[in-house]
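*Asks:* Okay, structure incoming, though there's no sequence with it:
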């Protein structure tokens, strides 16, 4: 019985294995996915897998730094003789996965079509769920995923840990962005001018005596959040609760959600903030990577 595959995030810069095998005139189920390869002719599967590996290697040889590649430099980089490589290039070109520009090759329009197939299957909650569960297990605290709705953050996924104390969030619940670490990292994506335009039409609620309710003070604080890459709610939503959060980005680098760890202050002391922040940043980066974001191309 064939294994079902979905397109992975690397298809954003390359192509799917099935398209390569179709291009090479080979049935992908019989070569890659079949669990009964004993019926294959001796050496046939090996040869077809070698063609597949070479075709995939060709596609991954293209990058934003080197979007154009010649036959000669591809041959040298991949260690494939020019005659064999030319057959692969021509097959990929015939299927629209590559296009020729003078003596060079570039990725073709069908790669974008495959990227769109991958993107259409993505759900931030679905991609985030295993990462949230792992983080909750590792740190023993409540882990949340939220999105922004105007000036509120809305919780879309929550993993409760065994040792949680006093954390009262639920899926669908919402809080003002200025009072939460989640909201801060999503607001920090905006410029000072954009923030002023938003704050001009929104009074900042003050949930505790520690909540930042002054617009200019909040804008200044968000600049710090942007620089350090994570946000902190230091008893600003609820007394006795501290929270750290980091942004989740989509394939275009836009902040579309945020991940947080919430904990009683006697567990997450001031001296522990950086350790918890490092964990939540790593988790947010892992989710962003699963959504197609290339780490290091943009920072908050």
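*Replies:* Great, that's in hand. Because the structure is predicted, anything quoted here is derived from the model rather than measured.
*Asks:* in stretch 231-239, what's buried?
*Replies:* 231, 232, 233, 234, 235, 236, 237, 238 (16 or more other CB atoms under 10 Å). Just so you know, the C-beta spots here come from the backbone N, C-alpha and C atoms, and that holds for glycine as well.
*Asks:* Out of the residues you listed, which comes closest to residue 108?
*Replies:* residue 231 (41.4 Å; CB to CB).
*Asks:* hang on, isn't that closest one packed against residue 178?
*Replies:* No - checked against CB atoms under 8 Å, the pair residue 231 and residue 178 is beyond contact range at 10.7 Å.
*Asks:* what do these two both touch?
*Replies:* Taking CB atoms under 8 Å, 6 or more residues apart in numbering as the contact rule, residue 231 and residue 178 both touch residue 184.
*Asks:* Pull up the gap between the residue nearest to residue 205 when sequence neighbours are not counted and residue 246, please.
*Replies:* In space, and not counting its chain neighbours, residue 205 is closest to residue 176: 4.8 Å by CB to CB, 6 or more residues apart in numbering. Distance check for residue 176 against residue 246: by CB to CB, to the nearest Å, it reads 19 Å.
*Asks:* out of those two, which sits in the more crowded spot?
*Replies:* Counting neighbours by other CB atoms under 10 Å for residue 176 and for residue 246 shows that residue 246 has the greater number, 29 against 20.
*Asks:* Now name the helix or strand holding the more buried one.
*Replies:* strand 241-249 (DSSP states H and E).
*Asks:* just the angle between the helix or strand just after that strand and strand 241-249, please?
*Replies:* Per DSSP H and E, the first helix or strand lying C-terminal to strand 241-249 is strand 255-264. Relative orientation of strand 255-264 versus strand 241-249 (axes from the mean of the first three to the mean of the last three CA atoms, to 10 degrees): 160 degrees.
*Asks:* Now do strand 255-264: distance to the chain's middle.
*Replies:* Its chain's C-alpha centre and that of strand 255-264 lie 15 Å apart, by CA atoms, centre = their mean, to the nearest Å.
*Asks:* Okay, now the sheet partners of it, with direction.
*Replies:* Sheet pairing of strand 255-264 (DSSP bridges) gives strand 142-149 (antiparallel), strand 241-249 (antiparallel).
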